[in-house]
Structures are given as C-alpha cells and as structure tokens.
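Asks: coordinates only, no sequence provided:
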C-alpha cells in the first residue's frame, strides 16, 4: 500500500510540474516560445492582378521588392551598422537611428527596395539585418496614365490596398484572396513530411484589360504637356473616347503624380478632374440644347433668327461674347458664331419644361457610372429653384455644373445616333488561365432620334468650317466640334480673366471614330477656347487620324 | 515454440525500430527537399517577374521614343497627305 502511495505522489508531482510548465508557456510568456513554432501558420499573399491596355500591352505589372528589417538585439555595433547602410540607402543616419529601436525584437527599416540595393546591403554581411520579399507595382510607362490607374498604398493594418482610379474601383477583383499554409516544422524550420500539412492556395487577383490605347495615351499626354506651357494654363485635361461605345481610349490630366512614388505628392494631385471636378461648361453645351430643339421639331437648321442686339431676361442683359450682332442668321450660324442671344431664342422655342426634361435625359446631375473611383454626380437644381434667367443662361452652358465625363457622355449621344451610353474603361476582367468576364456596353436610353443626330453633326461640321477662327485642320477630313469659354465663378461673381477654355470635337463626321474633349484651366496667353483648347484639339486629332489609319473623306 | 515466439517478437520490435528510423530519416530528407523546391519555385517566380519588368521597360513607349530619336526618326516621317492632300488623291 505504501509503495502505491509513493508512486501516486511521484506521478502527481510530475503531472503538476507539467501543468505549471504549460501554464507558463501558454499564458505567462508565450512570446519567448514563438520563434520555436512547431506548428507554423503562414499567410500566402496573392499576386495583385495586372493591368493591360487594349492591345494587351502592360500598363501595370508586379515586381519583387524587398523589405529591410532589423533585429536590434542581434546587432553588434549599432552606430557602425547605421553608418554603413546609410551610405547605400541615403535616408539619413538620424532617421535610421530612430527606426532601429533597441527595445524591440523586430523593427521595419525600409520597404520597397530593389534587387540591386538589396544585394549591396547583403554584401555588407551585417548581423541583425534581414530581408523579406514583397510585391510592388511597376509602371512601364511611368505616370502616363496616373489618374486613370490610381495607385496601391497601405491601409491601417499595413496591407496593400488600391486607391483612386482603377486600382480603387476594382480593388476587390484585382487584390485577390490570401491563402493559408499550416505546417509542422522541425528544429531547423523545415516541414515535417509526415506531420500536419494543410495548404489553402491563395487566389491571385484578376487582370484588367482596358479600352485604353497606350499610344493614344502617350500622344495626348505629350500634347497636353506642351500646350500647358505654350498657353500658360494652370491645369488641363484631355479625354478621348469612342462615341459609339463610350469606351475611353485615352484620358490624361496635368499636373499628375507618379503612382510608384505617390507618397511624394499631396492628396490634391490624386483626384481625377475628369470624374471628380465640376465646372460650368460654357459654349460647348450649346449643341445639347440645339439638338433638343431640333429633336422636338420646334426649329430647323435653316430657320432664321434676328440677332439685333442684347436680350433682357428679368433684370439681366444677355450679350454675345464679342458684342457683335449680325442681324438675320440661321440656327446653324448661331452655333458657328456661338451666339448667346441666339441660344436664348432656341431655349425659348424649346420651352422651360422641355429644357429641364432634356437636361435630365442627357444624364446631368447623375453619376455616369464610369468604372473609376471617386466620381462626382454634378448638380442639377430642382424645378422649383429654376428662375427665368437660369433657363436663359443654361442654353449657353452657364449656371449649370457638369463633370467632364458627363459632358463627353451627353455630347456623344448627339453624334452616335442619339444613345446615352455608360462610359467604361475596362473591357475584360480575368486572367489568361481562367475564364474572362467581358464588360458589355450598356445603352441607357435614346435621347434624340437618328435624324436629329445627323442634323446636329452637320451643324457641328459647319461650326468648325465657318467658325470665327481658322484652325490648322487636317485637310480632307470632316471634323465637327464646338469651342467653349466658361468663366470661373469666384465668390458669387464671374472673373472674366479666369476661364476654362474648352473644345469638344469628333472625326470623321459621317461615322465618328473618336470624340475628344479638351479643357484648359486659366490659360494666360488668351482666355478663349478657340485660341487655346481648339488648336490643341486639332494637334491631337491630326495624330490620331494618322495613328488609326483613317483615310481622308 | 515459446523461444521462437519470443525471438519473433524481438525481431519484430527490432524491425519496427529500424523501419521507424528509416521512415523518420526519409521524412527529414523529403521535408528538406520540399523546402528546396519551395525556395526554387520562389526564385523562379522572382526571375520571371524581373524578366517581365525588363521586357516591358524595353518595349515601353518611353524607351522606344528614345531609341527612335537616337536612330534619327523625326516627326517629318508623318504621312505627307495630311499637309498636301493631292498626294492622297492621286493614289
């Protein structure tokens, strides 16, 4: 009996000792035993989807970058280490000293290092430094399409996340899903073959294939850049789209940012003015009202209007832009000479209710649904807030705000047979080895009929042919378009020296292949769209006609 | 009979012991091999992404523009018919 008791106590003490040790390992000091993980669980990060242009040329790829970390407890001489790595990294010894905190077991020094820098640091063979691989975005064309693409930054957990443009809009599709790897590892960290091995594969992000044409993108960016300097404009945007499908072929706004080094730019640079900024469109809006009046058959292109002088609406006087009045002119001539008073007449013929109805049908005041993050809807006042002067000024594009993408969408409906179409940048989502999803064209509604579309195209062609200024138009091509000069409202008043100069045009007239909207903010050489935005339009149109191999008509 | 049975048990235990050691060693080698293959795949992925990066840089429009200007291509190589329509009409 005594022997049994002795055995019982020995076992009890041993079991108690085991329980105490387990309690210590699991609850008191779990950190100390973490490095000896027997069962390791690791997150398998997916590859972010790539972005290609319409010709399958890469716009965004992934590259392997390296994260440099330090284990301060293992560092032998901290000062020497800092001095040596700063000779390569050049971020300042004080900064590095602050990052390598002696109280921590592991600390991030710098991320996003390229292979050469990594190899240079590795050659130093310093104790207490290590590298981890990470994925980073690479842009073969640099910032050629910065506003379109957006960039990949970090969220509050330090994970990659897309911001703005396509990276932001398609985050869920291109980010992919992380996998999990659970393995039993031996003393050396190698997996034990007969141990627990469970692997849930990560799913790489899906690739995006865009309607964007890399060459067209480069053309508009180069031309816009030189025009900003030439005309002394503060900002500028150019959008090129296929008016029949509303596929965005090219889109560029300057100033822009470097998506690879986005952190060097302030937030103001990230907003895409084409989708996020609203402005008063000015005279490029006139064809929308003219087409509405033609569609309602209240006017014909050959109808006459007596342009005898300024028009009074309420207490306000409306004049032509150059204060010149030609007497009896046709509806086509109203567009050619961009007559404000003529447009007020057209608006009156159309009627207030119809004006408001057409503005809604053109999709103003609503989101276009373009697949870019951060779209603004613009603003359309409710019927009760409209005064007679508002119905008059809206006919020549003042007193209403639109985004450039709304403007190009509604204008496209005039030249594509009358259809309001949802604009899109992405044509396909998927990867080479998996099923691809095509994003189909979405016609929203018909705004004007086919006949009106043909009439307004001819009127817009006449506007380019017989406009106030003769532009360097490519010979043999029929081009339609309209200039615009919108004053910028500042503290409730218009400053005549500050304008947004615009031109919206298309070619060829019979079967438009592209529509281009050019906006230049506050050009200093001339405030007029006809002297700044229009020449830029024709420069771009000329290059695109060659690039797309469009024969003269 | 009893001695044979005992001997059999001893041999069985010895065999199982050797088999266990062999299996354990084999699993160590396989585990090690597994790690090597993992590292190799990772290395190939990096080489692949580096090559993809290099290729896209070489075929980028920015690089091609630089090469074209070095080779003497200029804007003058634009089709003449844009300036002189009669050339296009003759064709």
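Replies: Cool, the structure landed. In this text the structure is predicted, and so the values were computed from the model without any measurement. Numbers count the residues shown, from 1 in each chain, chains lettered A, B, ... in the order given.

Asks: residue contacts, the closest residue to residue B:60 other than its chain neighbours?
Replies: Counting by CB to CB, 6 or more residues apart in numbering or on different chains, residue B:60 lies nearest to residue A:140, which is 4.2 Å off, once chain neighbours are set aside. Every residue, glycine included, has its C-beta placed from N, CA and C. Counting by CB atoms under 8 Å, 6 or more residues apart in numbering or on different chains, residue A:140 touches A:58-59, A:61, B:53, B:56-57, B:59-60.

Asks: cool, and residue A:375?
Replies: A:275-276, A:367-369, A:403, A:405.

Asks: now do 6 Å
Replies: A:275, A:367 (CB atoms under 6 Å, 6 or more residues apart in numbering or on different chains).

Asks: what's the answer for residue A:494, then?
Replies: By CB under 6 Å, 6+ apart, the neighbours of residue A:494 are residue A:487.

Asks: tell me the spacing between it and residue A:295.
Replies: According to CB to CB, to the nearest Å, residue A:494 stands 31 Å off from residue A:295.

Asks: residue A:10 in helix, strand or coil?
Replies: helix (DSSP: H, G, I helix; E, B strand; the rest coil).

Asks: which stretches of chain B have low pLDDT?
Replies: B:75-91 (pLDDT under 70).

Asks: before we move on, the earlier item: the residue nearest to residue B:60 and residue A:149, how far apart?
Replies: Distance from residue A:140 to residue A:149, by CB to CB: 12 Å.

Asks: then residue A:76?
Replies: 45 Å.

Asks: neighbour count winner among these two?
Replies: Neighbours per residue (other CB atoms under 10 Å in any protein chain shown) separate residue A:76 from residue A:149, with residue A:149 holding more: 27 against 9.

Asks: so who does that one touch?
Replies: Applying CB under 6 Å, 6+ apart, the residues near residue A:149 are A:60, A:165-166, A:259.

Asks: and these, which is closest to residue A:337?
Replies: residue A:165 (39.3 Å; CB to CB).

Asks: just checking, the closest one touches residue A:146?
Replies: No. Here residue A:165 does not reach residue A:146: they are 7.9 Å apart, not a contact under CB atoms under 6 Å.

Asks: count the residues that sit near the residue lying closest to residue A:298 once chain neighbours are set aside.
Replies: What sits nearest to residue A:298 in space, not counting adjacent residues and going by CB to CB, 6+ apart, is residue A:349, at 4.4 Å. Each residue near residue A:349 was counted by other CB under 10 Å, and the total is 15.

Asks: and the contacts of whichever strand or helix holds residue A:349?
Replies: Element membership of residue A:349, judged by DSSP states H and E, is helix A:340-350. By CB under 6 Å, 6+ apart, the residues outside helix A:340-350 that reach it are A:286, A:289-290, A:292-293, A:298-299, A:305, A:307, A:311, A:318, A:320, A:334, A:391-392, A:395-396.

Asks: gap between the two ends of stretch A:474-494?
Replies: One end of stretch A:474-494 to the other measures 35 Å (CA to CA, to the nearest Å).

Asks: hmm, the longest helix along chain B in reach of chain A?
Replies: Determined from DSSP state H, the single longest helix within chain B is helix B:2-58. Yes. Under the criterion of CB under 6 Å from any CB of the partner chain, chain A is reached by helix B:2-58 at B:27, B:30-32, B:34-35, B:46, B:49, B:52-53, B:56-57.

Asks: distance between that helix and the chain's centre?
Replies: 22 Å (CA atoms, centre = their mean, to the nearest Å).

Asks: what residues does whichever helix or strand comes after that helix touch?
Replies: Going down the chain from helix B:2-58, the next helix or strand is helix B:61-70, by DSSP H and E. Residues outside helix B:61-70 that contact it (CB under 6 Å, 6+ apart): residue A:218.

Asks: can you give me the buried ones in helix B:61-70?
Replies: Using 16 or more other CB atoms under 10 Å in any protein chain shown as the test for burial, helix B:61-70 gives residue B:61.

Asks: can you get me a residue count around residue A:263?
Replies: That count, for residue A:263 with other CB under 10 Å as the rule, works out to 11.

Asks: which element, helix or strand, includes the closest residue to it other than its chain neighbours?
Replies: Nearest non-adjacent residue to residue A:263, counting by CB to CB, 6+ apart: residue A:153, 7.6 Å away. Using DSSP H and E, residue A:153 maps to strand A:151-154.

Asks: tell me the strands beside that strand, with direction?
Replies: Within its sheet, strand A:151-154 is paired with strand A:160-163 (antiparallel), according to DSSP bridges.

Asks: which bits of the stretch 351-500 of chain A sit near chain B?
Replies: So the stretch 351-500 of chain A meets chain B at A:474-476 (CB under 6 Å from any CB).

Asks: recalculate using a threshold of 10 Å.
Replies: Selection of the stretch 351-500 of chain A residues close to chain B by CB under 10 Å from any CB of the partner chain yields A:472, A:474-477.

Asks: before we move on, the earlier item: quick one: which of the residues of helix B:2-58 next to chain A is most hemmed in?
Replies: Using other CB under 10 Å as the neighbour criterion, residue B:31 leads the residues of helix B:2-58 next to chain A with 23 neighbours.

Asks: how about the contacts of residue A:140 in JSON lines, adding distance to residue A:445?
Replies: What follows is the contacts of residue A:140, written out as JSON lines (distance: CB to CB, whole Å):
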{"residue": "A:58", "distance to residue A:445": "37"}
{"residue": "A:59", "distance to residue A:445": "32"}
{"residue": "A:61", "distance to residue A:445": "39"}
{"residue": "B:53", "distance to residue A:445": "45"}
{"residue": "B:56", "distance to residue A:445": "41"}
{"residue": "B:57", "distance to residue A:445": "45"}
{"residue": "B:59", "distance to residue A:445": "42"}
{"residue": "B:60", "distance to residue A:445": "41"}
